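Peer 1: structure for the following, please:
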Amino acid sequence: MRPTIRTTLHCALVAAAVIGLTAPLAAQATQTTRAEPRPTMVRGAHLERMTILDIQRAMDRERLTSEQLTDLYLKRIRALNPRLKAVVTVNPDAKDIARDSDRTRRTHGARGPLEGIPVLLKENMNTADRQPTTAGSAALLGARPNQDAEVVKRLRAAGAVILGKANMTEWANFRDPSAVAGWSAVGGLTRNPYVLDRSAGGSSSGSAAAAAANLATVTLGTDTGGSIVDPAGLTSTVGVRPTLGVASRTGIVPISSRHDTPGPLARNVTDAALTLAAISGTDPADPDTAAAAGALPADVGEILDRGALRGKRIGVWRAGHIGVDRDVDRVFEATVRKLKALGATVVEGADVTEPKELLGHLLPALLSEFKHDINAYLAATPGSHPKHLAGLIAYNEKHRDLERMDWFGQMYFTEAQKNGVDLKDPAYRAHRAAATDLARRSIDDVLEAKKLDAIVTPTALPAPGAGHQAKEGDTNPFVSTTNSSVAAGYPQISVPAGYTARGLPLGVTFLGTKASDARLLGYAYAFEQATQVRKVPRHLPSVG
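Peer 2: Coordinates of the predicted model:
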């Protein structure tokens, strides 16, 4: 079933009033019928009730332009970002891009659903423009990429407006295991827009916070170990980690080619699905994209079906997640009841158990991949910056205050430099093969044994304090929902599910096997449409 999102004249007037078009629209209304009252001025927050499809309808009816929409977001960034620190840079060319989009629409029509839609990029995505690409580190402030990342090229080709770049955990949380989630030397510490003294997670913290606070229509993040899914759960946004290779990694500051994937963060599943469709596709420079071809249908709208859960077998993963937090338990029980009400067959006991041997294989493989991939990226990137991992390590030691080495060190960097081996090394290949096989079997065996279409589980605990730093010896009572799926290269989607008694967001995650992206998006859409739990963030200073 295709999505049927009704956009009434009232909705179009709301969109126009948001960006200050009230007077012209009122004049048009008077010409049509004098009985219609002037539309009431509304706040910019009303825009977040509209999906990309609603915005496109308003633009096609000349109720809204990309330039006006872009200007609205720039004003919201100026007003809210000093507190949130979600956005690192604003694209100085954003308004010009928006005006070009408006001319294209008038002359030739929209190129697609993202025509004129402002998008924020995670700050590890190359842009060949006047914006830096630093992965949060001051070491790369002098880097000058001469090509857009492949996903950025696809966004531009689709007519999207590259609005700016979002903050992130420095080096995508791979500098040190004690890194502060959401902090970077370039962007500072991102705050959660629901409660400002709480974390927005990592490493796509700025992308999640910006989407939640309506600083762009949609944002892009990257995920290496839960870096999209976890922030989405903490900020009441939809976060999609696609199957490895659905979207290209070319031109993105790397951690590991066997884990890294870009994906969208948005306020609703519709926008996330449309954005994922826009950035997906085969890239000759990324061989994994050929293997993932066909994971999404040609028309992504076909999967956005309110009845997608009817008759499906959805496994429930409770072990390690239930009995840790009362609010998480309450929200998840409500989720399970809703899945049943939507016609799904809920199957208990679908717990994904992370193999004990997984980490022993995974960490050596990641260290080798990071050393290889970051050295290749640095050497190929023009500009004045360290050209290899050893240079990054030396930079951090020389600029200890700027890089807050008193907060956390660079253990992953030094271990990768010391112990990382060539990717043709038999020991590395054995570690990677074992890690991938163990991770895939931990999910596929459960799906097969219980004949499941997908698994559902809580995404994460409520957001910890902003600036929360892992300490040696700390144990997290909540088992990771992402370790097996990321090592397997499998898709995972977090969708808003509820709130704690104090107003902190909670999400639930749908996960499945390779190339099950379309099905998971459908399940997430059906759940979202039936629950409608997401609330506008209130930017509370604290909840105690």
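
Peer 1: so where is this protein shaky, pLDDT-wise?
Peer 2: 1-46, 470-475 (pLDDT under 70).

Peer 1: repeat that for 80
Peer 2: 1-46, 468-476, 544 (pLDDT under 80).

Peer 1: and the strands in this structure?
Peer 2: If DSSP state E is used as the criterion, the strands of the chain fall at 87-90, 118-122, 161-166, 183-184, 188-189, 218-223, 238-241, 261-266, 313-316, 345-347, 454-458, 492-499, 505-511.

Peer 1: can you put these in TSV and add mean neighbour count and distance to A247?
Peer 2: In this view, the C-beta of every residue, glycine as well, is placed from N, C-alpha and C. Shown next, in TSV, are these (neighbours: other CB atoms under 10 Å; distance: least, CB to CB, whole Å):
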stretch	mean neighbour count	distance to A247
strand 87-90	23	22
strand 118-122	30	12
strand 161-166	28	16
strand 183-184	28	23
strand 188-189	16	28
strand 218-223	32	9
strand 238-241	32	10
strand 261-266	30	5
strand 313-316	21	26
strand 345-347	16	31
strand 454-458	25	20
strand 492-499	28	14
strand 505-511	28	18
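
Peer 1: next, format these as TSV and append distance to V229.
Peer 2: Output for the strands of the chain, formatted as TSV (distance: least, CB to CB, whole Å):
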stretch	distance to V229
strand 87-90	21
strand 118-122	14
strand 161-166	16
strand 183-184	20
strand 188-189	21
strand 218-223	7
strand 238-241	5
strand 261-266	9
strand 313-316	17
strand 345-347	21
strand 454-458	11
strand 492-499	5
strand 505-511	6
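
Peer 1: quick one, which of these gets closest to R326.
Peer 2: The minimum distance between R326 and the strands of the chain falls on strand 505-511, with 11.3 Å, by CB to CB.

Peer 1: show me how far the closest one is from its chain's centre.
Peer 2: 13 Å (CA atoms, centre = their mean, to the nearest Å).

Peer 1: stretch 59-75 now?
Peer 2: Centre-to-centre, stretch 59-75 and its host chain are 23 Å apart (CA atoms, centre = their mean).

Peer 1: helices of the stretch 1-150 of the chain, start to end?
Peer 2: 9-18, 22-32, 52-60, 66-84, 94-108, 150-157 (DSSP state H, counting those that start in this stretch).

Peer 1: show me the one of those that comes nearest D305.
Peer 2: Across the helices of the stretch 1-150 of the chain, closest to D305 is helix 52-60 (CB to CB), at 14.8 Å.

Peer 1: rewinding a little: for the helices of the stretch 1-150 of the chain, which one sits closest to N476?
Peer 2: Closest approach to N476 among the helices of the stretch 1-150 of the chain (CB to CB): helix 66-84, 25.5 Å.

Peer 1: contact partners of that closest one?
Peer 2: 18-21, 44, 47, 55, 59, 87, 90, 94-95, 97-99, 101-102, 105, 115-118, 161, 163-164, 190-191, 193, 196, 209-210, 213-217, 539 (CB atoms under 8 Å, 6 or more residues apart in numbering).

Peer 1: just stretch 170-178 next, same as before
Peer 2: 124, 135-137, 179, 181, 183-186, 202-203, 222, 224-225, 227, 253, 255, 370, 396, 403, 407-413, 469-472.

Peer 1: please flag which of these sit within helices.
Peer 2: Using DSSP state H, F370, N396, M411, Y412, F413 are the members of the contacts of stretch 170-178 that sit in helices.

Peer 1: thought the fourth one was touching F370?
Peer 2: Yep, that's Y412 we're talking about. Yes. The criterion here is CB atoms under 8 Å, and Y412 meets it with F370 at 7.2 Å.

Peer 1: neighbour count: these two, which is higher?
Peer 2: Ranked by neighbour count (other CB atoms under 10 Å), Y412 and F370 place F370 first, with 26 against 20.

Peer 1: so how far is M411 from the more buried one?
Peer 2: 12 Å (CB to CB, to the nearest Å).

Peer 1: with adjacent residues omitted, what lies nearest to T457?
Peer 2: Distance criterion CB to CB, 6 or more residues apart in numbering; nearest residue to T457, sequence neighbours excluded, is W317 at 3.7 Å.

Peer 1: so the one you found versus L53, what's the distance?
Peer 2: On the measure of CB to CB, W317 and L53 end up 32 Å apart.

Peer 1: same question, R198
Peer 2: 32 Å.

Peer 1: which stretches of the stretch 251-400 of the chain form helices?
Peer 2: Using DSSP H, counting those that start in this stretch, helices in the stretch 251-400 of the chain cover 269-279, 288-291, 326-341, 358-380, 389-398.

Peer 1: mind putting those into CSV with distance to V446?
Peer 2: Formatted as CSV, the helices of the stretch 251-400 of the chain follow (distance: least, CB to CB, whole Å):
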stretch, distance to V446
helix 269-279, 24
helix 288-291, 23
helix 326-341, 17
helix 358-380, 15
helix 389-398, 38
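
Peer 1: nearest to S236, of these?
Peer 2: Closest to S236 of these is helix 326-341 (CB to CB; 11.5 Å).

Peer 1: strand 505-511 and that closest one, what's the angle between them?
Peer 2: 50 degrees (axes from the mean of the first three to the mean of the last three CA atoms, to 10 degrees).

Peer 1: quick one: contacts for D327?
Peer 2: Here D327 is in contact with P462, G498, Y499, T500, A501, L504, L506 (CB under 8 Å, 6+ apart).

Peer 1: next, give phi and psi for the first one.
Peer 2: Listed backbone geometry of P462 is phi -60, psi 160, with angles given as degrees, to the nearest 10.

Peer 1: surely it and D325 touch.
Peer 2: Yes. Contact criterion CB under 8 Å: P462 and D325 qualify, at 6.8 Å.

Peer 1: burial measure for T513, as a count.
Peer 2: Using other CB under 10 Å: T513 sits among 22 other residues.

Peer 1: which residues does it contact?
Peer 2: Listed by CB under 8 Å, 6+ apart, the contact set of T513 reads R440, I443, D444, L447, Y490.

Peer 1: ok, of those residues, which one's closest to K340?
Peer 2: Minimum distance to K340 across the contacts of T513 is 19.5 Å, recorded for L447 (CB to CB).

Peer 1: surely the closest one touches I455?
Peer 2: Yes. The criterion here is CB under 8 Å, and L447 meets it with I455 at 7.1 Å.

Peer 1: hey, what's in contact with both of these two?
Peer 2: Listed contacts common to L447 and I455 are G315, G512; contacts here mean CB under 8 Å, 6+ apart.

Peer 1: how about R310, nearest residue that isn't a chain neighbour?
Peer 2: R310's closest residue in space is G343 (CB to CB, 6+ apart), at 3.4 Å.

Peer 1: got it, and T531?
Peer 2: K338 (6.0 Å).

Peer 1: and the one you found, how far from S542?
Peer 2: If you go by CB to CB, the gap between K338 and S542 works out to 31 Å.

Peer 1: now do P458
Peer 2: Here the criterion is CB to CB. By it, P458 lies 24 Å from S542.

Peer 1: and if you look at D223?
Peer 2: Look at D223 and S542: by CB to CB, they are 29 Å apart.

Peer 1: measure how buried A181 is and give me the count.
Peer 2: A181: 26 neighbours (other CB under 10 Å).

Peer 1: hmm, I was thinking of R400
Peer 2: Using other CB under 10 Å, R400 has 11 neighbouring residues.

Peer 1: ok, for it, nearest residue in space, not its chain neighbours?
Peer 2: Per CB to CB, 6+ apart, closest to R400 is D406, 7.1 Å.

Peer 1: tally up the residues packed near the residue nearest to T457, please.
Peer 2: Neighbours of W317 using other CB under 10 Å come to 23.

Peer 1: for the one 3 residues further on, same thing?
Peer 2: Using other CB under 10 Å as the criterion, G320 is surrounded by 19 other residues.
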